[in-house]
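Undergrad: Below are the sequence and a predicted model; questions follow.
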Amino acid sequence: MEKKVNQTHITLTQGDITQQHVSAITNAANSRLAGGGGVDGAIHRAGGPAIMAECDQIRQERGGCPTGQAVITIGGDLYADYVIHTVGPVWEGGKSSEPELLASCYRQSLKLAVENGIKTIAFPSISTGVYGYPMEKAAVVAIEAVTLFLKENERFSEVRFVLFNADDLKQYQRLFLSNQPKI
Ligand code: ADP
């Protein structure tokens, strides 16, 4: 399933983020850029040690990456040339700026992609694993944030959401079919 915003195709697919043939994939990282489970572990396993070497360097220079921000590294052994590491909020009930911080992850990742000439980018569902953000709420924020960014920026050819399981994909598909998702 897909929709178009200006020149950009927003697409939905079920699968593994590490296997995507795009210029950049996005990692749901932690603020120390230290690797971990879930998407983070899968990306470092598939991409090899060159990615962690750059994360180590960024940690030494800047102390890591704050929640809602993003940093970029090479893609190592991945098909993707780059990995954009963004740090989603931990869900604490929704009153600790979680929606704003999650929207910021998508915006800052897209901004870094623009700055690096990236035209195709894939996102996993940030914060909805170990960080506990409810999937249906996170999907609304993700689609809204990406759509708003693309309305003002025409440099991408594709933004792909890669959902790990069928239920998550269905959640996104439902929102795609409703014209005006509400945050
Ligand atoms: P966070 O710590 O931000 O919650 P997680 O990695 O724990 O990040 O999970 C984020 C989402 O990514 C979850 O919905 C999980 O099902 C999904 N996921 C886990 N592994 C992969 C993968 N290899 N490709 C795509 N999505 C994945």
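TA: Noted; the coordinates are in hand. Residues are numbered from 1 along each chain as shown.

Undergrad: Report the rounded mean pLDDT for stretch 57-69.
TA: On average, the pLDDT along stretch 57-69 is 97.

Undergrad: and this protein, which of its residues are near the ligand?
TA: Residues of the chain found near the ligand (Cβ under 6 Å from any ligand atom) are 16-18, 28, 38-40, 42, 88, 124-131, 162, 164, 168. For glycine as for every other residue, the C-beta is placed from the backbone atoms N, C-alpha and C.

Undergrad: Please indicate which of the residues you listed are buried?
TA: For the residues of the chain next to the ligand, a neighbour count by 16 or more other Cβ atoms under 10 Å gives the buried set as 17-18, 28, 39-40, 42, 88, 124-129, 131, 162, 164, 168.

Undergrad: Downstream of the host helix or strand of residue 9, the next helix or strand is which one?
TA: In the assignment (DSSP states H and E), residue 9 maps to strand 8-14. Per DSSP H and E, the first helix or strand lying C-terminal to strand 8-14 is strand 24-29.

Undergrad: Run me through the strand neighbours of that following strand, direction for each.
TA: Strand pairing for strand 24-29, determined by DSSP bridges: strand 82-87 (parallel), strand 120-123 (parallel).

Undergrad: After it, which helix or strand is next?
TA: Toward the C-terminal end, the helix or strand that comes next after strand 24-29 (DSSP H and E) is helix 38-47.

Undergrad: Run the chain-centre distance for that following helix.
TA: Here helix 38-47 is found 14 Å from its chain centre; the criterion is Cα atoms, centre = their mean, to the nearest Å.

Undergrad: How about residues contacting it?
TA: 16-19, 25, 27-30, 35, 51-52, 75-78, 83, 124, 129-130 (Cβ atoms under 8 Å, 6 or more residues apart in numbering).

Undergrad: what residues are up against the residue lying closest to residue 36 once chain neighbours are set aside?
TA: Leaving aside its chain neighbours, residue 36 sits nearest to residue 30 (5.6 Å; criterion: Cβ to Cβ, 6 or more residues apart in numbering). Contacts for residue 30 (Cβ under 8 Å, 6+ apart) come out as 36, 40, 87.
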